[in-house]
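Visitor: Could you work out the structure for the sequence below:
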Amino acid sequence: MKVSIAKNAKIFFIISAVIILVGLVFIFTFGLNFGLDFAGGMIMTMELDRTFETSEVRAIVDNYDKEAEITAAGDTMTQVIISSKLDLTEEERRLMIEEIQTAFDVDEETLAPQVDKVSASMSGEITYQSIMACIVVVVCMLVYITIRFEFLFGVAAIIALLHDILLVVGMFAIFRIQVNTPFVAALLTILGYSINNTIIIFDRVRENRKRYKKYDYENLVDDSIQQCLRRSINTSITTLLTITTLYVLGVDDVKSFALPLIVGFLGGTYSSLFLAAPIWYKLRKAVDNSQKKKRQLAK
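Guide: Residues are numbered from 1 along each chain as shown. Next up, the predicted model:
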């Protein structure tokens, strides 16, 4: 059964536009839930000398910051790491440490509290570097695809990549999921995965191009996608099974990396199959029509 993706391209464009628009509304209305890496704040590390439930520590920390992150660390998972975006005073930190020390019945020498601050300037530098990393990756991909294929292929691929980025960021804004450094690493991974899928389809379009009439872009795109459809879906399912397992069984740091990957891989598969080639088809058709009009006017 032949899929008519190019013919129905507007439907896929509208679906993506609606999802992205909802995400942008949440971004501009509520903003992103930036983690400590981007917002700045305080990281407090203590040795409790026994395993614990985060709820035990949460009962104390909530008196000072209800949005603080609490994670277990260390080889035996007896260390607690408290991450707060609030600039707690020295007195508030001292009281929190004393309450934890009393609740877990641990002496001060064993507790060995360490407090590290993430300044606003440092978080601003991380934000800048993260944005620049994404921009550099996208520009390099545009240059590479333009050299290997043609400029319109590069433009279509970049639009599809921007779709993937906005989709992931929008989902994190809608569900108020924290954005931190692993999120940026996940974004770069998503870009690489998505462009790989897109290039495979573009490569097939280029190979098939000589077999079709000069302006028969619709059948060219549909048949090329059809030939890559099973391979792309099977690869995505296999990858998603692995990433989902990491998310379900992993610790918090692994989950913060795996979650955007899951959303991004789904969006990347969708954009590679239903957006990238149809966008090229629309651009190529528009350019050809423009050239035809110029030739007609020149006669």
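
Visitor: rest of the way, CA atoms for contacts and neighbours
Guide: Fine.

Visitor: so where is this protein shaky, pLDDT-wise?
Guide: 1-3, 120-123, 299 (pLDDT under 70).

Visitor: Quickly list the domain ranges of it.
Guide: 41-118, 121-291 (automatic domain parsing).

Visitor: quick one: which helix or strand includes Val106?
Guide: Under DSSP states H and E, no helix or strand contains Val106.

Visitor: now Lys117
Guide: Once you assign secondary structure using DSSP H and E, Lys117 falls within strand 114-118.

Visitor: If we go by neighbour counts, what in the next helix-or-strand element following that strand is buried?
Guide: Per DSSP H and E, the first helix or strand lying C-terminal to strand 114-118 is helix 120-148. With burial defined by 16 or more other Cα atoms under 10 Å, the residues of helix 120-148 counted as buried are 123, 126-127, 130, 134, 138, 141-142, 145-146.

Visitor: Stretch 28-46 now?
Guide: For stretch 28-46, using 16+ other Cα under 10 Å, the buried residues are 32-46.

Visitor: Please compute how far that stretch lies from its chain's middle.
Guide: 17 Å (Cα atoms, centre = their mean, to the nearest Å).

Visitor: Keeping just the C-alphas, turn it into CSV.
Guide: What follows is stretch 28-46 as a C-alpha-only set of coordinates in CSV (Å, rounded to 0.1, in the frame of the first residue of the first chain):
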residue,chain,number,x,y,z
PHE,A,28,6.0,32.5,27.0
THR,A,29,3.3,32.3,29.6
PHE,A,30,4.9,30.2,32.4
GLY,A,31,8.5,29.9,31.2
LEU,A,32,10.7,26.8,31.5
ASN,A,33,11.3,25.1,34.8
PHE,A,34,15.1,25.7,34.8
GLY,A,35,17.2,23.5,37.1
LEU,A,36,20.1,24.6,39.3
ASP,A,37,22.5,24.6,36.4
PHE,A,38,20.6,27.4,34.7
ALA,A,39,18.9,29.2,37.5
GLY,A,40,21.7,29.2,40.1
GLY,A,41,21.3,28.3,43.7
MET,A,42,22.8,26.0,46.3
ILE,A,43,23.9,22.3,46.5
MET,A,44,24.3,20.8,49.9
THR,A,45,25.9,17.4,50.4
MET,A,46,25.7,15.4,53.7
